[in-house]
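Enquirer: give me a 3D structure for the following:
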Amino acid sequence: MSTANTENSPGHHQDSGDHRDLVILGGGLVGMTLALAAARNGITAHVIERADPADLTAEGADGRASAISSASWNLFRHIGLEEALKDLGCPIEAIAVTDAMRPGRIDFRPKPDEGTLGRMFANRDIRLALFEAARHETNIAWHTRVEAVKRERGDHGVAVTLSDGRVVKGSLLIGAEGRRSPSRDEDGIGLVAWDYSHRAMVTGLIHEKPHDGVAWEIFYSAGPFALLPLRDLPDEDGKGVRHRSALVWTVPEKDAKGVIGMSDVAFIAEVSKRMDGLYGKVELSAPRMSYPLSYQNATRITGHRLALVGDAAHGMHPIAGQGLNLGLRDVGALVEVLTEGMRIGLEAGDAQLLKRYENWRALDNFTTMSVMDGIVRLFGVPGRTASAVRRLGMGAVQRMPMLKRFFMNEARGMSGKLPSILQA
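Expert: Residues are numbered from 1 along each chain as shown. Purely as a prediction, here's the structure:
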């Protein structure tokens, strides 16, 4: 078992008796962003991660990519990741939404002076940048390859016993363990949840024609088919470029086994059929992964000396790529609340601060998730009549600048009351 004093950790001065402001369970994209954002504001944290960072960042370990909204990019800039990430992202210049490639699509394209709708990054690149920054941050004690086996929350603080016998202490416990959060379940926090009976097939593609920075959402009655632009890379001989996109193809659970069992050749043939010649010849550039799709929203995101962030608080359909961005808005709000409270002498686990965080995030989480769930249901209805109604609606949105502006602001993460760290 590693300790906080491993090569994966930022310093050699921490021990198990080290009391910090936060004990963050889960060092994934949201958990580690929270630790760094807190650290930049003078808030100290223990980060507990059961995986080995080397495994999480190994080449080919994770072929997924994430759409980072303009607001989330501001957060990354403010915590010092701009230099590491700026040349690795692909700007999303426009979003095209279509019903099975039929006429009547919506195009979301900002004006030239408005910037892009966000950037696409490989998850691996974000992880590498976060982990490198964490290694050099003395406000973070990073404990890897260990699990939390016991969580205690009392009147004066929290204590977490690790699988190697050490105990780490703090003022506030953060559940950032993902959808199956033990911290949430242990506190008896309920979930509003349902299964979409669909599975997402995720991989990377290399294609013949350029994507021009356009993200495509193609809605088929069996489920959405998304093509998300990735940065071009030089080809093997260095003379040309490889045009790349990330694919998120949603299939009904009853068909998933067949799709997972396809050979790469058969899989690409099915993908090409759905792309309808959009990018010419296509081949795989990353391992194929799949995961079941569901909706889940915690009935509350705080408890006694407990706060939930990211997928522990809410999990949604990947239809518009907003899951990670919603988690990063949790990070911004929580850090702002804690920073302001601690400045006037309150401790991180103070009930007033947690109440403020709960109130701030409740409406945004509910609204965003409801909109995304509504879109999934609207576009998932099969049949010609439903398709005609959808295309009629899409035509109306295309002709209504105010409505298009609303959707573009949502994509940029610029709606609602934004934490200062997510502002330019």
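
Enquirer: tell me the pLDDT of Pro112.
Expert: With respect to pLDDT, Pro112 scores 81.

Enquirer: grab the nearest non-local neighbour of Met414.
Expert: Leaving out its chain neighbours, the residue that sits closest to Met414 by C-beta to C-beta, 6 or more residues apart in numbering is Ala71, at 5.8 Å. The C-beta positions use only the backbone N, C-alpha and C, and glycine is treated the same way.

Enquirer: how about the contacts made by that neighbour?
Expert: 325, 328-329, 332, 412-414, 418, 422-423 (C-beta atoms under 8 Å, 6 or more residues apart in numbering).

Enquirer: tell me which element it is part of?
Expert: Ala71 belongs to helix 70-78 when assigned by DSSP states H and E.

Enquirer: what's next to whatever helix or strand comes next after that helix, contact-wise?
Expert: Where DSSP H and E defines the elements, the next helix or strand beyond helix 70-78 is helix 82-85. Residues from elsewhere that reach helix 82-85 (C-beta under 8 Å, 6+ apart): 76, 121, 125-126, 128-129, 132-133.

Enquirer: what packs against the helix or strand hosting Asp107?
Expert: Taking DSSP H and E as the definition, Asp107 sits inside strand 106-108. Applying 3 or more C-beta pairs under 8 Å, 6 or more residues apart in numbering; DSSP states H and E, we find strand 106-108 packed against strand 94-99, helix 384-398, helix 401-412.

Enquirer: which other residues reach the shortest one?
Expert: Same thing as strand 94-99. Strand 94-99 is contacted from outside by 104-110, 117, 212-219, 379, 387, 390-391, 394, 411, using C-beta under 8 Å, 6+ apart.

Enquirer: can you say which of the residues you listed are buried?
Expert: Among the contacts of strand 94-99, those scoring as buried are 104-106, 108-110, 117, 213-219, 379, 387, 390-391, 394, 411 (criterion: 16 or more other C-beta atoms under 10 Å).

Enquirer: dump the contacts of Ala71 into a markdown table; add neighbour count, secondary structure and distance to Ser370 as well.
Expert: Listed next are the contacts of Ala71 as a markdown table, based on neighbours: other C-beta atoms under 10 Å; DSSP: H, G, I helix; E, B strand; the rest coil; distance: C-beta to C-beta, whole Å:
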| residue | neighbour count | secondary structure | distance to Ser370 |
| --- | --- | --- | --- |
| Asn325 | 25 | helix | 16 |
| Leu328 | 30 | helix | 19 |
| Arg329 | 27 | helix | 16 |
| Gly332 | 26 | helix | 21 |
| Arg412 | 21 | helix | 19 |
| Gly413 | 27 | coil | 17 |
| Met414 | 16 | coil | 19 |
| Leu418 | 19 | coil | 19 |
| Leu422 | 25 | helix | 21 |
| Gln423 | 13 | coil | 25 |
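
Enquirer: closest to Ala286 out of those residues?
Expert: Using C-beta to C-beta, Asn325 is the member of these that sits closest to Ala286, with 21.9 Å.

Enquirer: I figured that closest one was touching Ser70, is that so?
Expert: No - using C-beta atoms under 8 Å, Asn325 is not in contact with Ser70; the gap is 9.7 Å.

Enquirer: shared neighbours, those two?
Expert: Common neighbours of Asn325 and Ser70 (C-beta under 8 Å, 6+ apart) are Gly413.

Enquirer: can you tell me the SS state at Asp373?
Expert: Look at Asp373: counting by DSSP: H, G, I helix; E, B strand; the rest coil, its state is helix.

Enquirer: enumerate every residue touching it.
Expert: 295, 316-317.
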